[in-house]
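Colleague: okay, here's the prediction I keep looking at, along with the sequence it came from:
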Amino acid sequence: MSQPQIIITGILFITLILFAWGKYRHDIVAIFCLVMGVVAGVIPSEDAFSGFGHAAVITVAAVLIISHALKNAGVVNVIASYLTPYTGNIYIHIASLTLVVTVASAFMNNVGALALMLPVAIATANQANRSPALVLMPLAFGSILGGMTTLIGTPPNIIIASYRAEVSGQPFSMFDFSPVGFFVAVIGLAFITLIGWRLIPTDRSSKDGSKALFEISHYLTEIEIKADSPLLGELLKDNEIFTSDQIDVVGMAQKNGFARPIPLQYRFAENDILLVQSDPSHLQSIVEENGLALLTTASGNFAQPQSENEIMLEGVVGQTSPLVDRSVEYLRIQTQRTLALVGIARNGDAIKTRLKRQRFKAGDVLLLFGDADTIDQRFHELGLWPLAKRPLSLNRQRKVIPALLVFAGAIAMGVAGLVTLPIAFLIAIGIFILMKIISVREIYDEIDWPVIVLLGSMIPVGRALESTGTTTWMANGILQITDGLPAVALLTMILVVTMFLSDIINNAATALVMAPIGVAIATSLGVSSDAFLMAVAVGASCAFLTPIGHQSNTLVMGPGGYQFGDYWRMGLPLEIMIVAVSVPLLLIVWPL
């Protein structure tokens, strides 16, 4: 190995470790990787920011904006409204919801499609007396499967198409991903509907959705014993409320912000603050009947809404939410003290500190109190996905057909070659603005800037892997280790390795790293690189084993009550099935 190869390999190795560790945001890690490459001299300083003008970056940003425009127009909501009456049978229920999100994810951002269907899925599960866990993981997996089917369905496909243009002069077109992606999505949808949902752990799927969204072990809030409470002087062990299965006492709040265990012989006193775990429906009646006060994080200058406008709404903290790793004080400042935290649900970690001491994590479910007129805007600003089904304004429903026509026209222009796809999408966005389907402010708000920064930073790193000859060195090393194996075995290996990486690091970063390696292997074998690029595209979209591999998985973790280890139960057989189906299809559609 030459010195530049050693340097870029070392930087890439450290970057992958940081990605997998998850302590630092992916965009920050990507910038670190880029800066280190420039400082070490393997990335020319004049090329350091060339990635931000790359067609893949522009296309990803445009797709995010168009996704929000379609959401504003009510496209998915209207489709979903026709399907909700057919949720009596569990197979039809899961199939209909998953089908809608799969189709929607083919033409809009898959996380956005999932977020639109999330309240619908929870509401229909409650109506059918089913656990939300039965429908939410299939919904998340369906959004990932749908993204495989078109160029714009997921960022890895856009990256692969653009990389092909760099190595061969011709990018993959809009529907080049469909022959393989469509059949993989259909097989995956059939598996999820008929078998997959049965693999969800019994204690998750047996919860009654009509009673509560969360089990008592998942929702933490605070209550204060008032002066007129009948509980004053009563022993904890003799109290039927706190020894029932409706509420669980975590401890007593202390001045240092932590909770201490309460002995069974403890007698309740005035102004005691108890940290309890319960669902909102049980908690409300307990508070009202026993002289208790439900505490929030509202400070003295909290903007108290009018009584008729008071609302409590649940929302999931997204991976790119500004709340991640932030405190309650940050929530207060960002919302101008118009939102107050009432409760928090977090799967996998025990919560032993008071609400005001919490630092939020992606996947947390927050119960927030505020003004009904402004809470939707606050949720949007904070990157929270609401779990309640919110009404859709009539003026936007009327724009469903025009919005679809504009979107279809943009795709047609790109496919016909009249303009490039990024330009076609920018034209569509301009029309959406003129139609007042989306505002200029929303355009900047809806771009997922961490993803843009990640892509713009990692593209020069990928080029450095090629310019230093590192991808060729890696490919030759793999060929030496696998000497004698047929090309199809190496194709399968690239697919499986890409799947594995995508489960632990960002899927876009996975595509940027694996695409050059796949092309280098194909070149060394003397075969077409298209099948290898498509294998990377499929593998980068298959993040089914963990809740951290894809934002869709993280988004449903809290509402579904899932644990970290629940995903592989359905995800592993699904990934095995995808490998078995996609490899023959790749060889047929993109022969070596």
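Modeller: Structure's in. What do you need?
Colleague: quickly list the domain ranges of the protein.
Modeller: 219-295, 307-386 (automatic domain parsing).
Colleague: now these in CSV, with distance to Pro119 and mean neighbour count?
Modeller: C-beta: built from backbone N, CA, C; applies to glycine. Shown next, in CSV, are the domains of the chain (distance: least, C-beta to C-beta, whole Å; neighbours: other C-beta atoms under 10 Å):
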stretch, distance to Pro119, mean neighbour count
domain 219-295, 16, 16
domain 307-386, 6, 19
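Colleague: now do the host helix or strand of Ser162: everything it contacts.
Modeller: Counting by DSSP states H and E, the element that carries Ser162 is helix 155-168. In this structure, residues lying in contact with helix 155-168 by C-beta atoms under 8 Å, 6 or more residues apart in numbering are 54-56, 59-60, 63, 147-148, 150-152, 170-173, 176-177, 451, 455, 462, 507-508, 510-512, 515-516, 519, 529-530, 533-534, 536-537, 540-541.
Colleague: what's in contact with the very next helix or strand once past it?
Modeller: Downstream of helix 155-168, the first helix or strand assigned by DSSP H and E is helix 178-194. Residues from elsewhere that reach helix 178-194 (C-beta under 8 Å, 6+ apart): 91, 94-95, 98-99, 102, 106, 138, 141-142, 145-146, 148-150, 153, 534, 538, 570, 573-574, 577-578, 581-582, 585-586, 589-590.
Colleague: ok, now stretch 42-62?
Modeller: Contacts for stretch 42-62 (C-beta under 8 Å, 6+ apart): 4, 7-8, 11, 34, 37-38, 152, 155, 158-159, 161-163, 165, 171, 420-422, 425-426, 429, 447-448, 451-452, 455-461, 463-464, 467-468.
Colleague: which of the domains of the chain has the lowest average pLDDT?
Modeller: Between these, the one with the least mean pLDDT is domain 219-295; it has a mean of 77.
Colleague: from the middle of its chain, how far away would it be?
Modeller: On the basis of C-alpha atoms, centre = their mean, to the nearest Å, domain 219-295 is displaced by 35 Å from the centre of the chain it belongs to.
Colleague: likewise for stretch 539-556?
Modeller: The answer for stretch 539-556 is 7 Å, by C-alpha atoms, centre = their mean.
Colleague: pull it out as PDB, backbone CA atoms only.
Modeller: This file holds the C-alpha atoms of stretch 539-556, laid out as PDB (Å, rounded to 0.1, in the frame of the first residue of the first chain):
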ATOM      1  CA  GLY A 539     -28.200  -3.800   0.000                       C
ATOM      2  CA  ALA A 540     -28.000  -0.100   1.100                       C
ATOM      3  CA  SER A 541     -31.800   0.000   1.300                       C
ATOM      4  CA  CYS A 542     -32.100  -3.200   3.400                       C
ATOM      5  CA  ALA A 543     -31.700  -2.000   7.000                       C
ATOM      6  CA  PHE A 544     -34.100  -4.300   8.700                       C
ATOM      7  CA  LEU A 545     -32.100  -5.700  11.600                       C
ATOM      8  CA  THR A 546     -31.800  -2.800  14.000                       C
ATOM      9  CA  PRO A 547     -33.800   0.400  14.900                       C
ATOM     10  CA  ILE A 548     -30.700   2.500  14.100                       C
ATOM     11  CA  GLY A 549     -30.100   1.500  10.500                       C
ATOM     12  CA  HIS A 550     -32.900   3.500   9.100                       C
ATOM     13  CA  GLN A 551     -35.000   6.500  10.300                       C
ATOM     14  CA  SER A 552     -38.200   4.600   9.600                       C
ATOM     15  CA  ASN A 553     -37.200   1.900  12.100                       C
ATOM     16  CA  THR A 554     -36.300   4.500  14.700                       C
ATOM     17  CA  LEU A 555     -39.600   6.400  14.200                       C
ATOM     18  CA  VAL A 556     -41.800   3.400  15.100                       C
END
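Colleague: so how far is Gln319 from the closest residue in space to Met577 that isn't next to it in sequence?
Modeller: Ranked by C-beta to C-beta, 6 or more residues apart in numbering and with sequence neighbours excluded, the top spatial neighbour of Met577 is Phe191, at 5.9 Å. For Phe191, the distance to Gln319 (C-beta to C-beta, to the nearest Å) stands at 26 Å.
Colleague: low-confidence stretches in the chain?
Modeller: 76-77, 80-81, 83-84, 204-219, 243-246, 255-259, 279-284, 297-301, 347-353, 388-398 (pLDDT under 70).
Colleague: that older thread, now the helix holding Ser162 against helix 178-194, angle please.
Modeller: Angle, helix 155-168 to helix 178-194, by axes from the mean of the first three to the mean of the last three C-alpha atoms, to 10 degrees: 160 degrees.
Colleague: where do the strands sit along the chain?
Modeller: 219-225, 248-253, 259-260, 273-277, 292-295, 310-317, 340-345, 365-371, 384-386 (DSSP state E).
Colleague: format those as CSV; extra columns: distance to Gly558.
Modeller: Formatted as CSV, the strands of the chain follow (distance: least, C-beta to C-beta, whole Å):
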stretch, distance to Gly558
strand 219-225, 10
strand 248-253, 18
strand 259-260, 21
strand 273-277, 14
strand 292-295, 21
strand 310-317, 5
strand 340-345, 6
strand 365-371, 4
strand 384-386, 10
